[in-house]
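Novice: with the input below, show me the fold.
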Amino acid sequence: MKININSKILFIIFNIISLCSLFLLLYKNIPFVFSNSFYEFVYNSDYFINYTSGLIKRGLDGQIIYHITLLTGFSPVNILRVMYLTFFVILSGIVVNIWLRSKVSLYFIISPFLFIFPFVYFPLFHIAKDMEVLILSYIVLFLFINKKSKWLLNIVLSIGILVHEEIFIFLFFPLLLLHLFYLSEGRFLENIKSFCITLFPSAALFLLMILKYNGLSNNINIIIDSWKTHSSYLQNVSFNSGLFDGKPRLINETIYAPYNILGFGLLIIINFIFITSGIYLYSRRHFIVLFVISALQILPTIILCFMASDFGRWFYIPNVLILFSMFLLRNKEQSQNFNWWSIDLILKRYNTMAPLAIGFFYIFGGMPYIGFNIYRYFYSNPLSIIFNWVK
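Specialist: I've put the predicted structure just below:
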């Protein structure tokens with residue numbers, strides 16, 4: 001597929017818009033990490049779940065912070081600040097490396113559906129563990145695609161599960177498809193069997209954490225009490241609804257108007273078209289497999305949207321995993337062909353629409369962080385960011 005001169009000029013303009021948006025968001029939000037506002041936001045953070053009440057999901061980071069606090073006397077909030085900055089630098093390095101060593105355009109990477117999103121919701125986003133989860137996910141994908149030690153793979157993935165179980169949920173389909181079409185040969189059932197054997201330790205830990213160590217309401221007071229003597233800012237630390245009481249924040253608690261349902265459906269379609277158009281433009285050789293992975297990732301996205309109200313995150317994380325996969329597969333060849341009767345039709349459609357679709361949704365697209373309120377969709381739109389700054 002050839003991209004004409006006008007398209008190239010348009011993409012250069014998009015790159016400039018992305019850089020301007022990123023600069024404005026950095027200028028606005030980076031001081032937050034060093035300000036007192038950082039203390040005010042940690043009252044509600046998964047980072048302070050620890051193991052003082054026993055083994056519990058998402059408690060690894062909190063336990064590390066807790067031990068460092070006991071050993072050094074440092075403020076747990078300042079320890080989190082250092083961890084957060086460390087994760088930010090590492091993830092930024094990964095993203096810059098992808099940009100410099102691949103053909104992926106800057107505007108695709110810094111788009112409403114990828115890395116503009118976390119900067120727009122910076123104060124809220126830092127509460128979550130997504131930067132750490134994405135770093136660990138990149139390591140897992142690197143180890144898996146390059147056929148490194150299976151034990152090391154399971155160790156890193158297990159650490160990720162102890163950090164946040166979302167890592168296994170969103171890596172399952174990418175790892176499965178990559179195994180079937182890049183890392184194995186022979187019969188389908190044998191390949192499935194070898195995949196299950198490879199991930200068995202991590203899968204067993206995942207099931208244990210969500211079924212046995214999900215946490216109960218009486219864990220909350222023990223964990224809160226463990227922090228009270230170490231920071232005045234953690235006297236009233238709270239945790240997300242549904243984390244300890246087994247009652248997920250259902251989607252029907254936040255949807256109160258039909259147009260919000262419409263917004264959710266449109267976001268699924270728009271996000272899918274944008275990401276798969278990017279795959280077609282920048283990872284053509286691997287398009288079909290990554291297209292199928294993107295389609296399968298819709299399932300965990302919808303399920304998690306029905307369980308927790310951080311809706312934008314459930315789109316953002318699988319999008320970034322697709323970007324990582326595009327980069328790590330750039331020099332790889334498929335070991336198995338994807339035989340699908342409609343492949344030629346799909347390729348023909350994307351050959352026609354990909355540049356137009358990715359440009360259109362870059363200009364008019366966006367993602368909300370919480371809820372399906374249709375007006376929130378434009379918060380992560382780059383033109384909206386610049387316009388709001390100018391006015």
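Novice: pull the distance from the host helix or strand of K193 to the chain's centre.
Specialist: Assigned by DSSP states H and E, K193 belongs to helix 188-211. Mean-position distance between helix 188-211 and its chain equals 22 Å (C-alpha atoms, centre = their mean, to the nearest Å).
Novice: which residues are in contact with it?
Specialist: 57, 150, 153-154, 157-158, 161-162, 165, 168, 175-176, 179-180, 184-185 (C-beta atoms under 8 Å, 6 or more residues apart in numbering). (Each C-beta comes from the backbone N, C-alpha and C, glycine too.)
Novice: any buried residues in that helix, and which?
Specialist: 191, 195, 198-199, 201-203, 205-206, 209 (16 or more other C-beta atoms under 10 Å).
Novice: can I get that helix as PDB, trimmed to CA atoms?
Specialist: Backbone C-alpha positions of helix 188-211 (Å, rounded to 0.1, in the frame of the first residue of the first chain) are rendered in PDB as follows:
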ATOM      1  CA  PHE A 188      -3.200 -27.700  16.900                       C
ATOM      2  CA  LEU A 189      -4.000 -29.800  20.000                       C
ATOM      3  CA  GLU A 190      -0.400 -30.500  20.700                       C
ATOM      4  CA  ASN A 191       0.400 -26.800  20.400                       C
ATOM      5  CA  ILE A 192      -2.400 -26.000  22.900                       C
ATOM      6  CA  LYS A 193      -1.100 -28.600  25.300                       C
ATOM      7  CA  SER A 194       2.400 -27.100  25.200                       C
ATOM      8  CA  PHE A 195       1.000 -23.600  25.800                       C
ATOM      9  CA  CYS A 196      -0.900 -24.800  28.800                       C
ATOM     10  CA  ILE A 197       2.200 -26.600  30.200                       C
ATOM     11  CA  THR A 198       4.300 -23.400  29.700                       C
ATOM     12  CA  LEU A 199       1.900 -21.100  31.500                       C
ATOM     13  CA  PHE A 200       0.600 -23.600  34.100                       C
ATOM     14  CA  PRO A 201       2.500 -22.100  37.100                       C
ATOM     15  CA  SER A 202       1.300 -18.600  36.300                       C
ATOM     16  CA  ALA A 203      -2.200 -19.700  35.600                       C
ATOM     17  CA  ALA A 204      -2.400 -21.600  38.900                       C
ATOM     18  CA  LEU A 205      -1.200 -18.500  40.800                       C
ATOM     19  CA  PHE A 206      -3.700 -16.300  39.000                       C
ATOM     20  CA  LEU A 207      -6.600 -18.600  39.900                       C
ATOM     21  CA  LEU A 208      -5.400 -18.800  43.500                       C
ATOM     22  CA  MET A 209      -5.300 -15.000  43.800                       C
ATOM     23  CA  ILE A 210      -8.700 -14.400  42.400                       C
ATOM     24  CA  LEU A 211     -10.500 -17.300  44.000                       C
END
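Novice: buried members of the contacts of helix 188-211 into PyMOL, please.
Specialist: A single PyMOL command selects the buried members of the contacts of helix 188-211 (16+ other C-beta under 10 Å):
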select buried, resi 57+153+154+157+158+161+162+165+168+175+176+179+180+184
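Novice: can you name the next helix or strand after the top helix by length along the chain?
Specialist: Looking across the chain with DSSP state H, the single longest helix is helix 5-34. Once helix 5-34 ends, the next helix or strand along the chain (criterion: DSSP H and E) is helix 37-41.
Novice: before we move on, back to that, which one of the contacts of helix 188-211 is nearest to K28?
Specialist: E165 (31.8 Å; C-beta to C-beta).
Novice: no further questions, thank you.
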